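S.K.: This is a predicted model, with the sequence first.
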Amino acid sequence: MAYELLTLERHDNGVAVLTLANGKVNALSGALVAEIDAAAQELTDSPPSAVIVSGGDRIFAAGAEISEFGGPDEAKVIGPEIHAAFDRLAALPCLVIAAVSGYALGGGCELSLACDYRIASERAVFGQPEILLGIIPGGGGTQRLARVVGPSKAKEMCLTGRQVKAEEALRIGLADEVVSPESLMDRALELGATLAKGATVGQGICKRAIDEGLSTSLAAGLQIELDAFVEVFGTEDSQIGVKSFLENGPGKAEFVGR
């Protein structure tokens, strides 16, 4: 479909790049959230090998469109819409990489948290400043941030609204890599290309096992792993990988993504 507030580009190697394009600050208006949801559905229907989510050079996404806020009735609509879009993006059966340059605040930080892996430029800044408006994060921030950086740090960030620069984000686990602004997209595309050469169906199964296991007990998580372990042996890539290892050693398999 055609999008007005974002672009969705599919590369020949199977990597998809979703870029926010809603003005200078990439405000997460209702219209943009709807397009993110639609793009995530399109990617669900035809899964890529990896997805890169990016924004502007100076602002990844500055947060929700404050002018759309009102009272509880509006919040009952806005919150579920953001959750649905971000949950759909998070559930894609491939690694979703956030390439964050500049400010990722409020909903922008929550969008990056819905991704599996965050590569930040040296000028990236993360934060959940909603409390400075007298409200709290409503796009997954209280839950995903705590799972990434731990409850104490998440509470400190959400209750003070303090912003975190790239190096601190790396130190606390909010960013997984920090690179120069000039090399941000190159690094994201490099990682995406590496994943595209791998056993992509197995990658999706592994991601699902990790995500499902995090929301349950260790015993239940281990059972999820066992079920996924059996499932992955039904893929063509598992047969290719095992055969290649026995004949040629590790790292030489040419996977077909099935």
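M.R.: In hand now; what should we look at?
S.K.: just checking, next helix/strand downstream of the helix or strand containing residue 19?
M.R.: Using DSSP states H and E, residue 19 maps to strand 15-20. Per DSSP H and E, the first helix or strand lying C-terminal to strand 15-20 is helix 30-45.
S.K.: Report how many residues lie close to residue 213.
M.R.: 17 (other CB atoms under 10 Å). C-beta here means a position set from N, CA and C on the backbone, and glycine is covered the same way.
S.K.: Once you drop chain neighbours, what's closest to it?
M.R.: Closest residue in space to residue 213, ignoring its immediate chain neighbours: residue 221 at 3.2 Å, by CB to CB, 6 or more residues apart in numbering.
S.K.: Kindly report the same for residue 184.
M.R.: Residue 184's closest residue in space is residue 121 (CB to CB, 6+ apart), at 4.6 Å.
S.K.: phi, psi of that neighbour?
M.R.: Torsion angles at residue 121 (phi, psi; degrees, to the nearest 10) stand at phi -80, psi 160.
S.K.: going forward can the numbers begin at 684, since that is how I track them
M.R.: Okay, residue one is now 684; in that scheme the one you just asked about reads as residue 804.
S.K.: unless I'm mixing things up, it is touching residue 864, no?
M.R.: Yes: assessed by CB atoms under 8 Å, residue 804 is found in contact with residue 864 at 4.2 Å.
S.K.: about what we covered before: does the residue nearest to residue 896 sit in a helix, a strand or a coil?
M.R.: What DSSP: H, G, I helix; E, B strand; the rest coil gives for residue 904 is helix.
S.K.: where does residue 702 sit relative to residue 740, distance-wise?
M.R.: Distance, residue 702 to residue 740, by CB to CB, to the nearest Å: 11 Å.
S.K.: what about these two, which has more around it?
M.R.: For residue 702 versus residue 740, neighbours defined as other CB under 10 Å are more numerous around residue 702 (17 against 13).
S.K.: was I right about that one contacting residue 686?
M.R.: No: using CB under 8 Å as the test, residue 702 is too far from residue 686 to be in contact (9.8 Å).
S.K.: The residue nearest to residue 867: what's it in contact with?
M.R.: Contacts for residue 804 (CB atoms under 8 Å, 6 or more residues apart in numbering) come out as 783-785, 849, 861-864, 867.
S.K.: Which of these has the largest number of neighbours?
M.R.: Most neighbours among the contacts of residue 804, by other CB under 10 Å: residue 783, with 32 neighbours.
S.K.: what sits against the closest residue to residue 785 other than its chain neighbours?
M.R.: Computed as CB to CB, 6+ apart, the closest residue to residue 785 that is not its neighbour in sequence is residue 741, at 4.1 Å. By CB under 8 Å, 6+ apart, the contact list for residue 741 reads 784-786, 806.
S.K.: Over to residue 880?
M.R.: Residue 880 sits in contact with 696, 938, where contact means CB under 8 Å, 6+ apart.
S.K.: so how far is residue 734 from it?
M.R.: Residue 880 is 16 Å from residue 734, by CB to CB.
S.K.: and what of residue 910?
M.R.: Between residue 910 and residue 734 the computed distance is 25 Å (CB to CB).
S.K.: List of residues touching the host helix or strand of residue 782?
M.R.: Remark: residue 782 resides in strand 778-783, with elements defined by DSSP H and E. Here strand 778-783 makes contact (CB under 8 Å, 6+ apart) with 733-738, 743, 772-773, 787, 794-795, 797-804, 807, 809, 858, 867-868, 870-871, 874-875, 878, 886, 890.
S.K.: Around residue 840, count how many other residues there are.
M.R.: Neighbour tally, residue 840, other CB under 10 Å: 25.
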